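> Below: sequence and its predicted model.
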Amino acid sequence: MATPLITKILIDYAYPNQDLYLLTFLVLLGIVIFLFNMYFSDVSSYLDTFIHQTLSIDLRNKFFTKLLRLPLRFHYEKQVGDLMVRVTDDIDVIIDAVAETIPVVIKIILQLVALLVICLMIDINLTILALIGIPFYFIQTRFFAKRFEIVQEKSQKRESEIYTFYQEKMSNVKTIKSFNQEMHETDRLIDKLKRMFRLVRENLFLGLFNSFFDAIMITLWTSFLAWYAGYRVITGHITIGEIMAILVYLGQIHQPFMDFGTVYKSLVSSFVSINRVNEIFEKEPEAYKDTRTFILYDIKGQVKFDNVSFHYPDTDEYILKNISFNANPGKVTALCGTSGAGKSTILDLLLRFVETNEGEIYIDEYEIKKVSLITLRANISIVSQDVVIFSGTIRENLQYGCKEVDEEKMIQATKDAEIYEFIKDTAKGFDTRIGEGGLGISGGQRQRLSIARALYRGVKILILDEATSALDSITEAKIYKNMQKALEDKTVIMITHRPSSLHNAEKIYVVHENKICESGDFDELLQKKGEFYKFYQAQVHETEEETEEKIKMKKLRKKIDKEKVDKEKAKEELKLSDLEKVIMDMYYNKKQTYAAISKELGMEPYDVNLIRKSAKEKLETLRKLELE
């Protein structure tokens, strides 16, 4: 900025007056100014990078944290690709706009103030004339900025669609290949990319038109100022040095205004990204840090649903209506029914992924609406049919969500889940790496690993949502047998369609048409011949006669088992006491009289006779039981 002023002094004073000292001073001053500008440029570059990275870390962290705090329904409704664009491209646009705008605006203000002061000092008339063209530049800038904003908004939507497309197809390559749809999906991608390219081209043309009008305006403006400056020299109002200085300064004034136009267009375009990111920040999060809530600690784990009803906010149609049941510690409680009956919604309500519209849910004596979300979910483990395995080691997946590390407990959990032998046979054992989504292990192994993870947490409430759907019946039976000890003080809530799993439940609740229509154990529900009876037949594909025969056989086995228990109990009660055995031996084997026996045992003869008769009756009854 000082160079034109130095040039003016050289032309008007140093050269005409042949002033060597002034010339030397001005050259040295120019060198100092140049070095200072270099230093300032380096510092500015460092600060720009620092601000950019700090903003990037802070904003991305806050955005990701916000996403994790939003209700589950939000994530069901939003596409992953759209969120990925917001967390990457949109945030990049915002950071670039903020990080570049602040220093550029400060620089523009300082430059304009300094340049205007210098120009006004040199020639006030020429400076005022030069400023007349500024409003026209602002009008042109605003005109193009609005159109850039429209194109930017369309581009962001198209980019979200492309990200979503990539994410969906890369997650389902196996399905695409099995249906021979590689070319079809490629054609769909090309179509989306072409539509995106049309927007890029539209943006490019806008930029070209904007640059063209900028160039015309600046050329006409500069040409007129050059003519008027020449006129001022010819008429003797200013010197040649002054005209050279002021023309350079006026030329430099153009640059801040052009920079301002660029910043303005960048800001207007970034408003699209700001609105998209702000839309997420304005969403209502789950109440994680409500100070009015109770903290669940050292619970028994009893779960109670009391007349619970639920419907989504955007509809009056109830998903669940008047649901009531109890799930007690040490017991397995099962929920069964046809798809869409609302079974999984019951679990969503328990975990407070959604909130009840009517009724209350209790854990022990606490209403879960008044319980801290963090401690509520810390006391519940869930094994879902849609198993989630993260990329990392087996150990990291097993310890997910656990603060403490217990190697023995982890080994026992994997043994109970019938996955230990597989882990032991891998090259690095628990430190074996697994790909994203459990890549490299089978569906059954993923499910067993998920069961082991839930058991390792050791919490009081365990939810099994089709937890063994990928396992064969033999492995399933082994796992349930292994888990008996680990779950003896736990509350287990099971959702399943498999009759083999329902046999493990002490209490079964049948969900039909959004209500609980029946409850009881497996045999009781079959005998009722209600919805469970239909559900069972549909699952095992039996005829009514086959099911009836099974019910009869179950009744017979139950009767036989009861009779066996009664007989064993009777035998236990009919066993002779030690005294009875001694008296029977002395009377029948040794042929002793009542008097001799009573004398030897210190008893009355009458009592000896009563005990002998009682013992004899017991032995006769036992013989009859043996013969039956």
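It's in. Residues are numbered from 1 along each chain as shown.

> from here on, contacts and neighbour counts on C-alpha atoms
Noted.

> in terms of contact, does N322 touch V308 like I think?
Yes. If you go by C-alpha atoms under 8 Å, N322 and V308 touch, sitting 4.9 Å apart.

> Identify the contacts common to those two.
Jointly contacting N322 and V308 under the rule C-alpha atoms under 8 Å, 6 or more residues apart in numbering are G359.

> and those two? which has more neighbours close in?
V308 (21 against 16; other C-alpha atoms under 10 Å).

> Tell me if the more buried one really is in a strand.
Yes. The assignment for V308 is a strand, going by DSSP: H, G, I helix; E, B strand; the rest coil.

> ok, it to L351 distance?
Going from V308 to L351 by C-alpha to C-alpha, to the nearest Å gives 14 Å.

> Who's the closest spatial neighbour of G401, skipping the chain neighbours?
R457 (7.8 Å; C-alpha to C-alpha, 6 or more residues apart in numbering).

> contacting residues around the one you found?
Here R457 is in contact with S381, Q399, G401, C402 (C-alpha under 8 Å, 6+ apart).

> Tell me the one of the residues you listed nearest T338?
S381 (24.0 Å; C-alpha to C-alpha).

> now for the helix or strand containing the closest one, which elements pack on it?
Remark: S381 resides in strand 380-384, with elements defined by DSSP states H and E. With contacts taken as 3 or more C-alpha pairs under 8 Å, 6 or more residues apart in numbering; DSSP states H and E, strand 380-384 sits against helix 443-457, strand 461-465.

> run the last query once more with 6 Å
strand 461-465 (3 or more C-alpha pairs under 6 Å, 6 or more residues apart in numbering; DSSP states H and E).

> Distance check, E531 against A538.
Distance from E531 to A538, counting by C-alpha to C-alpha: 11 Å.

> The two: who's more crowded?
E531 (18 against 12).

> For the more buried one, give me its contacts.
With contact taken as C-alpha atoms under 6 Å, 6 or more residues apart in numbering, E531 is in contact with no other residue.

> what does A341 give?
Contacts of A341 by C-alpha under 6 Å, 6+ apart are H512, E513, N514.

> Helix, strand, or coil at N322?
Under three-state DSSP, N322 comes out as strand.

> Quick one, grab the pLDDT at it.
Per-residue pLDDT puts N322 at 91.

> Same question for L376.
88.

> That one: how many residues sit nearby?
Count around L376 with other C-alpha under 10 Å applied: 20.

> just to revisit the earlier point, angle of the strand holding S381 against strand 461-465?
10 degrees (axes from the mean of the first three to the mean of the last three C-alpha atoms, to 10 degrees).

> Within the sheet, what are the partner strands of the helix or strand following strand 380-384, with directions?
Using DSSP H and E, the helix or strand that follows strand 380-384 in sequence is strand 392-393. Paired neighbours of strand 392-393 in the sheet (DSSP bridges): strand 433-434 (antiparallel).

> For V277, which non-adjacent residue is spatially closest?
Nearest to V277 is R86, by C-alpha to C-alpha, 6+ apart, at 6.2 Å.

> Give me the distance between that neighbour and V272.
Separation of R86 from V272 (C-alpha to C-alpha) stands at 11 Å.

> Repeat that for Q152.
7 Å.

> and what of A99?
A99 is 17 Å from V272, where distance means C-alpha to C-alpha.

> Does the spatially most central residue of the chain belong to a helix, a strand or coil?
Centrality entry for the chain: nearest residue to the mean C-alpha point is L68, 5.4 Å, by C-alpha atoms, centre = their mean. State at L68, reduced to three classes by three-state DSSP: helix.

> now it: how far from F281?
Distance, L68 to F281, by C-alpha to C-alpha: 12 Å.

> Repeat that for E168.
Plainly put, E168 is 25 Å away from F281 if you go by C-alpha to C-alpha.

> Would you verify that Y400 is located in a strand?
No. Secondary structure of Y400 (three-state DSSP): coil, not part of a strand.
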